[in-house]
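In: next input, structure requested:
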Amino acid sequence: MLRFLNIVVILALIGSAVYAYSIKYQTILRAEQITKLKHKVKAEQDAIAVLRAEWSFLTRPERVQELADKYLELEALGVGKIVTAQSLPEKPERIDSIGRKLDALGLGGAATTPAASEPAPTTPKGKAR
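Out: Numbers count the residues shown, from 1 in each chain. Predicted coordinates:
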């Protein structure tokens, strides 16, 4: 009996050692994956910084002005081209096409609930049995 118990304890010890080593190597693997992801994130942040710098370079006002002069052929703004707010056309009225379709089908009336269409029953108060 004592030998059997010793064998069981030794097998349990070997099993727990194997389990501990597997946990250790899984932890190392996860740590390496985290480090790789951190490097990828840093590379993406650097790429975003480069793209923002390029965007700032390309949208400089003097560069945009040069391109506008070269390709758009815009006229200079004169005093005669400035108008008042009263001379602008009125905003067009919004058209409710769904409402018009419902009216055409006869479904455009006001909605009523069953409780609103039926009178509420009244019960006399103070009536003794």
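In: any idea which helix or strand comes after the helix or strand containing A43?
Out: Under the criterion of DSSP states H and E, A43 resides in helix 2-58. Moving toward the C-terminus from helix 2-58, the next helix or strand (DSSP H and E) is helix 61-67.
In: starting at the chain centroid, how far to the helix or strand following that following helix?
Out: As assigned by DSSP H and E, the chain's next helix or strand after helix 61-67 is helix 97-105. With CA atoms, centre = their mean, to the nearest Å as the basis, helix 97-105 stands 34 Å off its chain's centre.
In: and what of stretch 21-28?
Out: Relative to the centre of its chain, stretch 21-28 is centred 38 Å away, using CA atoms, centre = their mean.
In: what comes up buried for that stretch?
Out: Residues of stretch 21-28 classed as buried by neighbour count (16 or more other CB atoms under 10 Å): none. The way it works is simple: take the backbone N, C-alpha and C, and place the C-beta from them, glycine included.
In: who's in contact with that stretch?
Out: Where contact means CB atoms under 8 Å, 6 or more residues apart in numbering, no residue beyond stretch 21-28 reaches it.
In: how about stretch 13-27 as PDB, C-alpha atoms only?
Out: The C-alpha trace of stretch 13-27 is given here as PDB (Å, rounded to 0.1, in the frame of the first residue of the first chain):
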ATOM      1  CA  LEU A  13       4.300  15.700  -8.700                       C
ATOM      2  CA  ILE A  14       5.300  15.100 -12.300                       C
ATOM      3  CA  GLY A  15       1.900  16.100 -13.500                       C
ATOM      4  CA  SER A  16       2.000  19.400 -11.600                       C
ATOM      5  CA  ALA A  17       5.500  20.100 -12.900                       C
ATOM      6  CA  VAL A  18       4.400  19.600 -16.500                       C
ATOM      7  CA  TYR A  19       1.300  21.800 -15.900                       C
ATOM      8  CA  ALA A  20       3.500  24.500 -14.300                       C
ATOM      9  CA  TYR A  21       6.000  24.500 -17.200                       C
ATOM     10  CA  SER A  22       3.100  24.600 -19.800                       C
ATOM     11  CA  ILE A  23       1.700  27.700 -18.000                       C
ATOM     12  CA  LYS A  24       5.100  29.300 -17.900                       C
ATOM     13  CA  TYR A  25       5.700  28.800 -21.700                       C
ATOM     14  CA  GLN A  26       2.100  30.000 -22.500                       C
ATOM     15  CA  THR A  27       2.900  33.200 -20.400                       C
END
